[in-house]
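> Here is a sequence with its predicted model. Questions after.
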Amino acid sequence: MPTMPNSSKILRALTAAACTGAAIAALLSGCAGTATRPPATPDDDSPATAHAVAEISPRAAAATRRLVAGNVRFVWDHMQHPRQTPDSRSGLTNLQQPFAIIVSCSDSRVGPEIVFDQGLGDLFVARVAGNVIDDHVVGSLEYALEHLHVPLIVVLGHEYCGAVTAARDTIAAHGHPEGHIGSLVEAIRPAVEATLGEDAEDTCKANVRNVVAGLRSSEPILKAMVDSGEVEVVGAYYDLDTGGVTFLGDS
């Protein structure tokens with residue numbers, strides 16, 4: 001039987017996992033002592049799924065549904081571990097066709113292939129502390145977009161992000177971190193300053209939205225592809241307590 005989220009996390013788990021009506025019923029019944037196996041894929045008509053795929057291209061919507069379905073499996077401990085066999089590995093020696101790009105934090109607790117229950121060749125992943133971007137990251141994404149024709153970029157922030165906490169603490173103390181950590185603090189600074197008086201979760205989500213905006217406006221390649229509808233850039237937030245991923249709006 002999968003471990004159920006504690007009662008204080010039920011509402012967040014429902015939204016974060018993008019569960020269907022059947023899965024919601026299963027979660028509630030599981031809290032009462034009877035766990036029901038969740039559906040393998042989300043219902044396209046469910047409110048959470050509709051929110052995640054609203055007003056995006058069909059290819060990006062299909063990619064989002066695959067991510068949502070995988071995250072539901074992860075939350076419920078019904079992971080399929082797809083495309084992780086020797087045959088899958090050998091089949092990718094000369095070709096890769098990832099269906100989504102994930103810009104994620106380097107945090108060891110946030111592995112995109114695990115969180116979304118995907119396998120080899122499924123995700124093109126760029127990881128850096130605080131899920132911030134620079135020319136190297138953007139250049140990597142441009143390669144995936146132009147040569148691999150990936151339709152979706154997800155900027156994935158997460159609960160208890162050490163980089164966000166470090167930025168908040170450093171800026172509050174008017175400090176100056178040593179080494180290259182200062183570059184991370186400066187990248188996250190706009191989100192910190194926009195959420196003064198709010199908690200670290202708000203700062204993390206603001207940082208995700210800033211990175212999304214930065215990618216959408218990145219010239220000359222990303223902005224043109226976003227404007228044409230060839231690629232979608234969205235933000236998401238991973239809850240370490242429940243394992244659920246929530247897709248964020250622009251505000």
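Thanks, I have the structure now. Residues are numbered from 1 along each chain as shown.
> From here on, just use CA atoms for contacts and neighbour counts.
Noted.
> quick one, helices of the stretch 101-250 of the chain?
Assigned by DSSP state H, counting those that start in this stretch, the stretch 101-250 of the chain shows helices spanning 112-115, 135-148, 162-172, 181-194, 200-216, 221-228.
> ranking the ones you listed by burial, who's on top?
Across these, averaging neighbours per residue (mean count of other CA atoms under 10 Å) puts helix 200-216 on top, at a mean of 22.
> Go ahead and flag the most central residue of this structure.
For the chain, the residue nearest the mean C-alpha position is Leu156 (3.2 Å; CA atoms, centre = their mean).
> thinking that residue is in contact with Cys105, fair?
Yes - in this structure Leu156 lies within contact range of Cys105 using CA atoms under 8 Å: 7.1 Å.
> Before we move on, what's the pLDDT of the residue nearest to Asn131 when sequence neighbours are not counted?
Nearest non-adjacent residue to Asn131, counting by CA to CA, 6 or more residues apart in numbering: Cys105, 4.4 Å away. Looking at Cys105, its pLDDT stands at 98.
> ok so, going back, report the set of residues contacting both of Leu156 and Cys105.
Asn131 (CA atoms under 8 Å, 6 or more residues apart in numbering).
> residue ranges for the strands of this protein, please.
Applying DSSP state E to the chain gives strands spanning 100-104, 123-127, 152-158, 232-238, 245-248.
> As a markdown table, the ones you listed with distance to Ala166 would be great.
Output for the strands of the chain, formatted as a markdown table (distance: least, CA to CA, whole Å):
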| stretch | distance to Ala166 |
| --- | --- |
| strand 100-104 | 17 |
| strand 123-127 | 18 |
| strand 152-158 | 14 |
| strand 232-238 | 18 |
| strand 245-248 | 23 |
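> That'll do, ta.
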